[in-house]
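Q: Predicted coordinates and the sequence they were generated for:
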Amino acid sequence: MPKITEEQRQERIERVLGGARRCFAQYGYEGATVARLEEEIGLSRGAIFNWFPSKEELFVELARRDNERLMSLFADEGFEALVQAVTDEDADWLAVYLEFGRRLRADADFRARWQERAAPDVRERVHSQLTSAQVSGRLRGDVTVQQLSRFLGIVLDGIVLQRGMGFDGIDPNVVVRLVEDAISGGEPDAQPDPSSSA
């Protein structure tokens, strides 16, 4: 096999991932058979799985990239930009995440492998921003940063769930306004209650 350049290697990987994303969105995780992946990507199974050892690894890489992209968006541009991005996402692709979530809950090994791939630096940036906003009084101080993070995650998961199930999305500006009302700081000196649990 002739040697390829790093640029060609990256182009092929992106071609595989782009086609796989379209195939998963159209057929769901289970319905995205190897034959359908071959057809959508335009490569043989050997060429596809030369880069990723399995269909599962293909999907996990796509989900990892999405997670890192959205977390980076939150860290760089804030919650409003994140809500807008999730609202604008392809509803068929979001529906695949419902399958992914079921797998995370049911398969401990799969969950452990997924957690290993989380981008700790991006998560740390988000945590640092929330902590700074809480210390400055811009975010309420009667709950922990972990609780704030989980609350924001619940809001985003709700958007994903509704859109993935085919419901009309809520206006992202309304979501942001309601969330800001819920978590904005009252008294700047308020300290998180250490007895509270997530």
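A: That came through fine. What you are looking at is a predicted structure, and each value in this text was computed from that prediction instead of being measured.
Q: Nearest residue to the middle of the chain?
A: What sits nearest the mean C-alpha location of the chain, by Cα atoms, centre = their mean, is residue 67, with 3.1 Å.
Q: Quick check: which element contains that one?
A: Using DSSP states H and E, residue 67 sits in helix 55-77.
Q: With adjacent residues omitted, what lies nearest to residue 127?
A: Of all residues not flanking residue 127 in the chain, residue 145 sits nearest, at 6.2 Å (Cβ to Cβ, 6 or more residues apart in numbering). For every residue, glycine as well, the C-beta is placed using N, CA and C.
Q: Quick check: the one you found touching residue 134?
A: Yes: the pair residue 145 / residue 134 is scored as a contact, 6.1 Å apart, by Cβ atoms under 8 Å.
Q: can you pull the buried residues of the lowest-mean-pLDDT helix or strand in the chain?
A: Least confident helix or strand, the chain: helix 108-116 with a mean of 84, by mean pLDDT, DSSP states H and E. Across helix 108-116, burial judged by 16 or more other Cβ atoms under 10 Å covers residue 114.
Q: How about residues contacting the helix or strand just after that helix?
A: Next helix or strand after helix 108-116 toward the C-terminus (DSSP H and E): helix 120-135. By Cβ atoms under 8 Å, 6 or more residues apart in numbering, the residues outside helix 120-135 that reach it are 68, 71-72, 74-75, 139-141, 145, 148-149, 185, 192.
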